[in-house]
Structures are given as structure tokens and as C-alpha cells.
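*Asks:* Below is the structure, and that's it, no one-letter string:
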């Protein structure tokens with residue numbers, strides 16, 4: 001049942017959102033960028049928003065982990081299938097870039113933790129800051145290079161990206177209603193479905209498409225899903241307060 005819930009909410013919704021990218025985006029290059037980010041797995045920001053919403057953090061972390069590893073195969077496959085109808089795309093290049101972005105850091109972290117535990121302990125407090133600064137610099141450079149295009153498209157581009165993530169939150173919640181009675185499960189999956197790994201989308205766009213325009217939706221996506229997610233987290237946190245007032249939270253949940 002858990003795998004059914006994951007598959008229906010993540011990849012079923014991704015297909016809908018790719019269609020959204022095709023028909024709502026102001027240009028075909030922006031559509032390609034939207035499709036890329038829609039095919040990406042959920043990012044670690046979803047775990048933070050889940051925590052803030054007082055939803056189910058263990059489920060969020062598990063879903064993020066599973067979707068991330070499955071994305072090694074599904075992200076390039078789905079992207080090639082949809083984008084290939086609009087522009088030429090190298091599926092193998094997408095696959096190897098996804099592999100490098102997802103698998104290499106995880107492998108390096110495991111090796112460092114196993115063979116250089118003292119060194120890992122020293123640098124661990126600084127890694128979140130370093131990762132955040134790196135993403136900020138990458139996103140800033142893309143926004144800067146595409147400034148004129150962003151200004152020209154204006155609200156249409158913002159609407160397309162915001163609609164992408166809003167539909168993710170909505171469909172992620174609605175689809176899981178058929179398999180989960182616990183509203184905190186629905187909230188968690190909703191967050192996981194909508195909050196993509198925008199950094200992966202940026203890397204795939206920059207490395208596989210010559211026109212920098214394709215990376216702009218992923219860059220804007222990073223801020224957009226965080227804003228929408230934070231607003232929902234505030235609302236759901238208030239709703240879930242009653243849940244914590246009536247039981248002693250143990251970290252376990254009943255689906």
C-alpha cells in the first residue's frame with residue numbers, strides 16, 4: 001500500500017504537471033525547464049516544511065530517499081519521453097548527470113563517514129551553510145543571465161511556475177485521500193509531491209541544453225515552492241496542534 005501511495009502521488013502527479021508545463025508556459029524553452037523540474041524527485045526542503053507543519057517527518061524522509069534514488073532512472077526517462085517531442089534531448093546524458101548529482105554525493109558521504117569519521121564530524125556543521133550558499137550562487141547566476149527574458153515574460157512565467165507547484169500540493173493531497181485516512185499523511189505526501197529538487201533541475205538544464213533559458217524555471221521554482229510550502233506549513237501546523245494536544249507523540253503513526 002505504501003508503494004502504491006508513493007507511485008500514484010509522485011509520478012502520476014508529475015505527468016499531470018508536465019502537461020501543465022507544455023500548455024501554460026509562455027515559451028517552449030520555459031516549458032522544457034518546467035518539465036525538467038516536474039520530473040525531479042522531492043528535495044530535502046520538503047523535510048523541513050513537513051517538520052514545520054507538524055506532519056509526519058519519518059514518512060517525509062523515507063519518501064524523499066526513495067524518490068531520490070528512483071529518480072536516477074525515472075527523471076531522465078520521463079524527461080526524454082516528454083521533452084523529446086519538443087526538442088532534441090540526449091537521454092543518456094540526462095541519466096549520467098542525474099547519476100552524478102544524486103549518487104556521487106551520497107557515496108562520498110558514506111565513504112567519509114566510514115573512513116574519516118573525525119574529519120566528517122568537524123565539517124558537518126558547515127555543510128548545510130556551504131550547500132545553501134552554493135545553491136544561492138547558482139540560482140543567482142541563472143536569474144542574472146536570464147533577467148531580460150524574465151522581465152519580458154513577467155507574470156506568465158511566475159504563473160506557470162506557481163501553478164506547477166500549486167497543482168502538486170493539491171493533487172498530492174487529493175490522490176492520497178483514497179488510500180490514507182490520516183490527514184497528516186496526506187499533508188506529508190502533498191509536500192513531498194510539490195517540493196522538487198530544483199538544484200537537480202538546474203544542473204540538468206545547464207548541462208544538457210545549450211540555451212540558458214531552460215534553467216530559469218528551475219531557479220524560480222526553488223523560491224516558489226518554498227514560499228507556498230511555508231504558507232501551507234503555517235496553516236497545517238495550526239490544524240495539527242489539536243493532534244499533539246490529545247496524544248503523546250512517540251514518533252510512530254497509524255496510516
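*Replies:* Now that the structure is in, tell me what you want to look at. Because the structure is a prediction, the values reported are computed rather than measured.
*Asks:* Going by neighbour count, which residues in the host helix or strand of residue 72 are buried?
*Replies:* Using DSSP states H and E, residue 72 falls within helix 57-83. For helix 57-83, the neighbour count (16 or more other C-beta atoms under 10 Å) marks 57, 59-61, 63-64, 66-68, 70-72, 74-80, 82-83 as buried. No exception for glycine: its C-beta is placed from N, CA and C like everyone else's.
*Asks:* Check which helices and strands that helix sits against.
*Replies:* Packing partners of helix 57-83 (3 or more C-beta pairs under 8 Å, 6 or more residues apart in numbering; DSSP states H and E): helix 2-24, helix 28-39, helix 45-52, helix 91-115, helix 183-194, helix 198-208.
*Asks:* Serialize those helices to a markdown table and add fields for mean neighbour count.
*Replies:* Formatted as a markdown table, these follow (neighbours: other C-beta atoms under 10 Å):
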| stretch | mean neighbour count |
| --- | --- |
| helix 2-24 | 18 |
| helix 28-39 | 27 |
| helix 45-52 | 22 |
| helix 91-115 | 14 |
| helix 183-194 | 27 |
| helix 198-208 | 23 |
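*Asks:* what about the helices in the stretch 101-250 of the chain?
*Replies:* Assignment of helices within the stretch 101-250 of the chain using DSSP state H, counting those that start in this stretch yields the ranges 117-123, 127-145, 147-153, 155-176, 183-194, 198-208, 216-246.
*Asks:* so which of these gets nearest residue 33?
*Replies:* helix 216-246 (3.5 Å; C-beta to C-beta).
*Asks:* Which secondary structure elements does that closest one sit against?
*Replies:* Other helices and strands packing on helix 216-246, by 3+ C-beta pairs under 8 Å, 6+ apart, are helix 28-39, helix 45-52, helix 127-145, helix 147-153, helix 155-176, helix 183-194, helix 198-208.
*Asks:* Among those, which comes closest to residue 90?
*Replies:* Closest to residue 90 of those is helix 198-208 (C-beta to C-beta; 6.4 Å).
*Asks:* Please list the residues outside the closest one that contact it.
*Replies:* Contacts of helix 198-208 with the rest of the structure, by C-beta atoms under 8 Å, 6 or more residues apart in numbering, involve 32-33, 36-37, 40-41, 43, 71, 75, 79, 89-90, 93-94, 97-98, 101-102, 135, 138-139, 142, 212, 214-215, 217-219, 221-222, 225.
*Asks:* mind checking how far that helix is from the chain centre?
*Replies:* How far helix 198-208 lies from its chain's middle: 12 Å, per C-alpha atoms, centre = their mean, to the nearest Å.
*Asks:* in stretch 229-241, what's buried?
*Replies:* Buried residues in stretch 229-241 (16+ other C-beta under 10 Å): 229, 232-233, 236-237, 240.
*Asks:* meant to ask about stretch 131-151
*Replies:* Result for stretch 131-151 [16+ other C-beta under 10 Å]: buried residues 135, 138-139, 142, 146, 149-150.
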